[in-house]
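Asker: quick one: sequence and predicted model below, then my questions.
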Number of protein chains: 2
Amino acid sequence: MLISKLGEFGLIDRLRKATRLDSSVIKGIGDDCAVLKYDKAKFQLFTCDMLVEGVDFSSRAQPYLIGRKAIAVSISDIAACAGIPHYCLVSLGVPKNTSVEFIDKLYKGMVEIANKYKINICGGDLSRAQKLTIDVSMLGLVEKKNLVLRGGAKKGDIIFVTGRLGGSIYGKHFKFTPRIKEAQFLTKNYKINSMIDISDGLIQDLSQILKESRAGAVIYEELIPQSRAARNLSDALYSGEDFELLFTMPPQEAARLIRKKLKFIHLIGAIVKQGCGLILVDRKNKGETIQAKGFRHF
Amino acid sequence: MLISKLGEFGLIDRLRKATRLDSSVIKGIGDDCAVLKYDKAKFQLFTCDMLVEGVDFSSRAQPYLIGRKAIAVSISDIAACAGIPHYCLVSLGVPKNTSVEFIDKLYKGMVEIANKYKINICGGDLSRAQKLTIDVSMLGLVEKKNLVLRGGAKKGDIIFVTGRLGGSIYGKHFKFTPRIKEAQFLTKNYKINSMIDISDGLIQDLSQILKESRAGAVIYEELIPQSRAARNLSDALYSGEDFELLFTMPPQEAARLIRKKLKFIHLIGAIVKQGCGLILVDRKNKGETIQAKGFRHF
């Protein structure tokens, strides 16, 4: 049987089932970050992201932007758990015929965004490879009381996204600002029940929240904030790499948040009971159950 | 200019120079692990290793052994800093036509050695790739008083290795036992001034100690412990992936250690002043200065 039959999430589940975890692991495989015991007030967050030439960026992409993105995607994972990033390691697989100028620009992209977020690039590994491959592993900290995971959505929660969705492939996936500040603002001032960063598309990542929370959701076509680069609704729903936050909170909290009239906050729907599945209501007020679909490696 | 001209270590130095570190980083790029502030008694160790098909293992290698090795090499890095490993993440780049059976065996190899060392596999990333690529990032802890780095070798130190060297390519690189126990024994009972794991060959890794410690060394051909698989002395000196510990300690401590007559401990030489370089004394008692040489990716 080929892995394409099992799919990306099937493969991950298979590893999750095979592993044994001790009680110092608050959350293992299956969230944006692993959550580990740290000290009285904080948990440690641990995450990694692998970018591969020809999959996550084209061979003609600017090295500066590739480097920037390699670090930014992991920052986004830390943001999704409401943490602050502190350290990272960079594993680089590099084709033999790469120029030093290319590597210098790649480093520059990494170092600039790392400095901006006060992240220490404190090690790594270098290997020969056929295609440029970058794996960044990152450590951060989160106040215990602020930690938000995918599995906490509750019936009645209102669903929000930060920013606008779709068309990231036309540029944003290289230049997005990881939502550290917004996640801090939200978790410090509101009770957030669940959160994820949108890397595989709104529908697929919302489905992750629903799966982990054993819940359903209703979202409204006319409320989905489409970015200028999005060609259509489908783009906003299914195309990946927006790196915006998708989160849910109780209605009273949502009301407080809405009153703030923050430009980057968009209400898109509500959490319902699991049996309802995921329903998209169109502009004629007709609901349709939709399947999880979005970017998958296999 | 191609990166092959700058070389692997030149490339790493270039990133090291570009990065900015805060005071919570005890040791950044340039040792087996990054060393981070943790609590009163301990430092945190953070390391990663990337294995690429066709470079670190052949496409015909058994998946169980590939998985085992991917975890074992990072354990060896933690051992080299005298730490205990606790958590790891696994980033996998997998070709599309891979079978589920292959992945299951790969996982099995990872999980078994992780369980043996009580390491929690608590997350990862999965990506499509042309060649199987595995990057494992690992966290561990080390008692502050036990931490050993590459840069602490002192003139007069005696140089030791654990185990026998050379010919690892014929099997040991897949089946070696990371030297956690030995590193614990050594650092708990003796004053160790510097340590590294031999991954790129004795001479190259000893050169790393000498460079970081600003020291020279004299080693003796007849004292180099050759493994049965080693074809000749050169194999024991230059071939990589032995994953043994190379360490130095003051003479009085060395005398105590030698009196123990431990089978796995081999004295190979002594640290001298930097100006002497690295001298290999042959069986006719003739010294020859040798250049750092061993496995390099570029």
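Answerer: Right, received. Where do you want to start?
Asker: how about the nearest residue to the spatially most central residue of chain A, chain neighbours excluded?
Answerer: Per CA atoms, centre = their mean, the C-alpha nearest to the average position across chain A is that of residue A:197, at 2.7 Å. Of all residues not flanking residue A:197 in the chain, residue A:80 sits nearest, at 4.0 Å (CB to CB, 6 or more residues apart in numbering or on different chains). C-beta here means a position set from N, CA and C on the backbone, and glycine is covered the same way.
Asker: residues in contact with the one you found?
Answerer: A:32, A:33, A:148, A:179, A:183, A:195, A:196, A:197, A:245 (CB atoms under 8 Å, 6 or more residues apart in numbering or on different chains).
Asker: swap in residue A:151?
Answerer: Residue A:151 neighbours (CB under 8 Å, 6+ apart): A:31, A:194, A:209, A:212, A:213.
Asker: now do the second one against residue A:279, distance only.
Answerer: Read it as residue A:194. From residue A:194 over to residue A:279 the distance is 18 Å, taken as CB to CB, to the nearest Å.
Asker: how's chain A carved up into domains?
Answerer: A:1-30, A:36-145, A:148-289 (automatic domain parsing).
Asker: what would the ones you listed look like in JSON lines with mean pLDDT and distance to residue B:122?
Answerer: Formatted as JSON lines, the domains of chain A follow (pLDDT from 0 to 100; distance: least, CB to CB, whole Å):
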{"stretch": "domain A:1-30", "mean pLDDT": "92", "distance to residue B:122": "4"}
{"stretch": "domain A:36-145", "mean pLDDT": "97", "distance to residue B:122": "7"}
{"stretch": "domain A:148-289", "mean pLDDT": "97", "distance to residue B:122": "13"}
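Asker: quickly compare those domains and say which is most buried.
Answerer: Highest mean neighbour count of the domains of chain A: domain A:36-145, a mean of 22 (counted as mean count of other CB atoms under 10 Å in any protein chain shown).
Asker: phi and psi next, for the closest residue in space to residue A:193 that isn't next to it in sequence.
Answerer: Leaving out its chain neighbours, the residue that sits closest to residue A:193 by CB to CB, 6+ apart is residue A:152, at 4.4 Å. The phi/psi pair for residue A:152 (degrees, to the nearest 10) reads phi -100, psi 10.
Asker: can you check residue A:194 too?
Answerer: Reported as degrees, to the nearest 10, the phi and psi values for residue A:194 are phi -150, psi 150.
Asker: please, where are all the strands along chain A?
Answerer: Using DSSP state E, the strands of chain A run over residues A:25-27, A:34-37, A:42-52, A:84-94, A:120-128, A:133-143, A:158-162, A:194-197, A:215-220, A:245-249, A:265-273, A:278-281, A:287-289.
Asker: alpha carbons of the second one, as PDB, please.
Answerer: By that I understand strand A:34-37. Provided in PDB are the C-alpha atoms of strand A:34-37 (Å, rounded to 0.1, in the frame of the first residue of the first chain):
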ATOM      1  CA  ALA A  34       4.400  20.100  21.400                       C
ATOM      2  CA  VAL A  35       3.800  21.400  24.900                       C
ATOM      3  CA  LEU A  36       6.300  20.400  27.600                       C
ATOM      4  CA  LYS A  37       6.500  20.900  31.400                       C
END
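Asker: now check that strand, is it near chain B?
Answerer: Yes - Strand A:34-37 reaches chain B (CB under 8 Å from any CB of the partner chain) through A:34, A:36.
Asker: can you pull the contacts of the residue lying closest to residue A:210 once chain neighbours are set aside?
Answerer: Nearest residue to residue A:210, sequence neighbours excluded (CB to CB, 6+ apart): residue A:217, at 5.8 Å. Going by CB under 8 Å, 6+ apart, residue A:217 touches A:159, A:206, A:209, A:210, A:269, A:270, A:271, A:272, A:276, A:278, A:279.
Asker: the residue located most distally from the centre of chain A: what's it in contact with?
Answerer: Distance from the C-alpha centroid of chain A peaks at residue A:97, with 32.8 Å (CA atoms, centre = their mean). Contact analysis of residue A:97 by CB under 8 Å, 6+ apart lists residue B:2.
Asker: how close does it get to residue B:4?
Answerer: 8 Å.
Asker: ok, residue A:123 next?
Answerer: Counting by CB to CB, the separation of residue A:123 from residue B:4 is 23 Å.
Asker: now do residue A:276
Answerer: Remark: distance between residue A:276 and residue B:4 (CB to CB) = 59 Å.
Asker: likewise for residue A:79?
Answerer: Residue A:79 is 38 Å from residue B:4, by CB to CB.
Asker: residue contacts, residue A:236?
Answerer: Taking CB under 8 Å, 6+ apart, we find residue A:236 in contact with A:164, A:165, A:166, A:167, A:202, A:224, A:225, A:226, A:227, A:230.
Asker: near chain B, which residues of the stretch 151-298 of chain A?
Answerer: So far as CB under 8 Å from any CB goes, the stretch 151-298 of chain A lies against chain B at A:297, A:298.
Asker: ranges for the helices of the stretch 151-298 of chain A?
Answerer: Secondary structure of the stretch 151-298 of chain A (DSSP state H, counting those that start in this stretch): helices at A:172-175, A:180-189, A:202-213, A:233-238, A:251-259.
Asker: tell me which of these sits nearest to residue B:127.
Answerer: helix A:172-175 (14.7 Å; CB to CB).
Asker: and the closest one, how far from the chain's centre?
Answerer: Chain-centre distance of helix A:172-175: 14 Å, with CA atoms, centre = their mean, to the nearest Å.
Asker: wait, which of the contacts of residue A:80 is closest to chain B?
Answerer: Nearest to chain B out of the contacts of residue A:80 is residue A:33 (CB to the nearest CB; 7.1 Å).
Asker: how near is that closest one to residue A:181?
Answerer: Relative to residue A:181, residue A:33 is positioned 18 Å away (criterion: CB to CB).
Asker: could you do residue A:199 as well?
Answerer: 19 Å.
Asker: with residue A:246 instead?
Answerer: 17 Å.
Asker: which residues does residue A:259 contact?
Answerer: Here residue A:259 is in contact with no residue (CB under 8 Å, 6+ apart).
Asker: cool, residue A:169 as well?
Answerer: Contacts of residue A:169 by CB under 8 Å, 6+ apart are A:239, A:241.
Asker: repeat that for 6 Å
Answerer: By CB atoms under 6 Å, 6 or more residues apart in numbering or on different chains, the contact list for residue A:169 is empty.
Asker: cool, and residue A:162?
Answerer: By CB under 6 Å, 6+ apart, the contact set of residue A:162 is A:179, A:182, A:244, A:245, A:264.
Asker: look up how far residue A:197 lies from it.
Answerer: From residue A:162 over to residue A:197 (counting by CB to CB), the distance is 9 Å.
Asker: now residue A:28
Answerer: Distance, residue A:28 to residue A:197, by CB to CB: 18 Å.
Asker: kindly report the same for residue A:254.
Answerer: For residue A:254 relative to residue A:197 (CB to CB), the value is 20 Å.
Asker: do residue A:296 as well
Answerer: With distances taken as CB to CB, residue A:296 is found 17 Å from residue A:197.
Asker: ok, the spatially closest residue to residue A:182 that is not a sequence neighbour to chain B distance?
Answerer: With CB to CB, 6+ apart as the criterion, residue A:182 has its nearest non-adjacent residue at 5.3 Å, and that residue is residue A:162. Applying CB to the nearest CB, to the nearest Å, the value for residue A:162 to chain B is 23 Å.
Asker: bridging residues for residue A:162?
Answerer: Taking DSSP bridges as the rule, residue A:162 bridges to residue A:265.
Asker: separation between it and residue A:32?
Answerer: With CB to CB as the criterion, residue A:162 and residue A:32 are 15 Å apart.
Asker: and residue A:175, by the same measure?
Answerer: In terms of CB to CB, residue A:175 sits 21 Å off from residue A:32.
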